[in-house]
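Asker: Just the structure for this:
(one chain, ligands or ions: 1)
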Amino acid sequence: MAVRFGYVGCGFVAQGVHIPNFVGLPEVEPVALAEIRPQLGEKVQWKWGFRKLYRSHLELAEDSEVEAVGVSAAFSEQSVIARDLLRAGKHVFMEKPMALSLAEGEEMLAAGQEGGGRLMVAYMKRYDAGAQLAKKYIDEFRADDSMGTLFYARNHGFCGRQWDAGFRGRIETTDEPRPEPGPSRSPDWMPEKHCGAYVWYLQQYTHNVNLLRWFLDAGDNARVTAVDLGPDGYTGVVVFEINGVRAIIESANTSHFGWDMNTQVFFENGWVKTTSPPLLLDNVAEAVEVYRGHFIECVKSGEPFRSTGEDTLTDIRLFEDMFRLWIKFQS
Ligand SMILES: NC(=O)c1ccc[n+]([C@@H]2O[C@H](COP(=O)([O-])OP(=O)(O)OC[C@H]3O[C@@H](n4cnc5c(N)ncnc54)[C@H](O)[C@@H]3O)[C@@H](O)[C@H]2O)c1
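Answerer: Purely as a prediction, here's the structure:
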């Protein structure tokens with residue numbers, strides 16, 4: 001039986017990524033869409049085959065036909081939307097950031113418990129084929145100790161202009177103004193003048209913090225030990241202890257066109273490194289590099305070398321064969 005699916009907020013990410021992906025699945029039935037901007041809602045409703053269109057997420061929350069809902073809206077709005085849907089018993093898939101404060105996030109989880117809906121935050125890096133492979137290597141090396149102690153992790157995240165991989169052409173638009181963002185939902189202890197920097201850093205580096213915690217299997221065992229960010233609250237270095245490992249995130253925006261992001265997990269005898277594609281680039285996974293000593297390891301363990309003398313004889317034979325043939329046709 002197909003999952004009866006709804007979506008709230010049909011802007012850039014919804015149209016460029018999530019709605020096409022969900023609606024393309026045979027086990028999804030697109031039932032209802034909610035969008036504050038009515039003309040945009042109508043265009044997207046017909047393009048992707050949603051049977052019903054609502055102006056507000058609250059109306060969609062009341063639709064008992066809808067089981068699961070995707071949500072993407074402004075940073076200040078999407079946590080409220082998700083909370084209301086969870087309270088109404090819908091399963092929710094939402095964009096990051098989940099919430100702008102811990103208190104708000106806890107309120108969302110409580111709403112889920114109250115209503116029975118489950119929440120997934122769409123951290124795509126945890127589902128990236130390359131990142132999954134890197135995680136597998138890291139888990140293996142930690143379990144068998146073959147690379148020695150895992151002692152350091154580094155995430156370098158310098159954002160360039162290529163984050164959206166240039167796919168704006170696929171998006172339906174209208175002249176309707178975007179809704180005004182609601183009141184600041186930053187933590188109540190935070191001085192108002194710093195809220196902008198906080199939200200901007202959070203919305204970007206939530207990917208990086210989440211990925212490091214996952215690579216290091218930390219769960220909630222993570223804390224901030226030092227912060228050296230510039231006056232913009234964005235450019236610099238933050239140091240963490242994540243599952244007992246020192247880890248850093250290097251952050252900046254640069255004007256270059258590319259996307260300069262990689263994560264390196266260091267063991268005493270080598271490392272696992274992933275290099276990230278631009279955030280929204282389709283069908284390109286993180287590139288994975290494993291650096292480890294081979295000769296000494298094999299001498300110690302008795303494991304076969306990957307490039308043995310016996311195997312290399314084949315290459316030499318092929319070269320002799322090539323030149324045997326070549327010489328035959330000379331003069
Ligand atoms: N994972 C990633 O790499 C990535 C990349 C870009 C954006 N995002 C996230 O996606 C989210 C959305 O970004 P976007 O660029 O699509 O925004 P957007 O402004 O283009 O789209 C949001 C849409 O939601 C509608 N909306 C707002 N409140 C609503 C409500 N209560 N009911 C119904 N409709 C409502 C708006 O009218 C708008 O059309 C952001 O929170 C951002 O963090 C994630």
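Asker: for this structure, what helix or strand is lowest in average pLDDT?
Answerer: Using mean pLDDT, DSSP states H and E, helix 295-301 stands out as the lowest-scoring helix or strand of the chain, at a mean of 89.
Asker: Could you list the buried residues of that one?
Answerer: Within helix 295-301, no residue counts as buried by 16 or more other Cβ atoms under 10 Å. To be clear about C-beta, it is placed using only N, CA and C from the backbone, and glycine gets the same treatment.
Asker: any idea which helix or strand comes after that helix?
Answerer: With elements assigned by DSSP states H and E, the helix or strand that comes after helix 295-301 is helix 309-328.
Asker: Mind listing residues that contact that following helix?
Answerer: The contact list for helix 309-328 (Cβ atoms under 8 Å, 6 or more residues apart in numbering) is empty.
Asker: For that helix, C-alpha coordinates in CSV please.
Answerer: Coordinates of each C-alpha in helix 309-328 appear next as CSV, following Å, rounded to 0.1, in the frame of the first residue of the first chain:
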residue,chain,number,x,y,z
GLY,A,309,55.7,-10.1,-7.6
GLU,A,310,53.8,-13.1,-8.9
ASP,A,311,50.9,-10.9,-10.1
THR,A,312,53.4,-8.3,-11.6
LEU,A,313,54.8,-11.0,-13.9
THR,A,314,51.7,-10.7,-16.0
ASP,A,315,52.4,-7.0,-16.7
ILE,A,316,56.0,-7.9,-17.8
ARG,A,317,54.7,-10.7,-20.0
LEU,A,318,52.2,-8.2,-21.7
PHE,A,319,55.0,-5.7,-22.4
GLU,A,320,57.1,-8.4,-24.0
ASP,A,321,54.1,-9.5,-26.1
MET,A,322,53.4,-5.9,-27.1
PHE,A,323,56.9,-5.4,-28.4
ARG,A,324,57.0,-8.9,-30.0
LEU,A,325,54.0,-7.8,-32.1
TRP,A,326,55.4,-4.3,-32.7
ILE,A,327,58.8,-5.5,-33.9
LYS,A,328,57.0,-8.0,-36.3
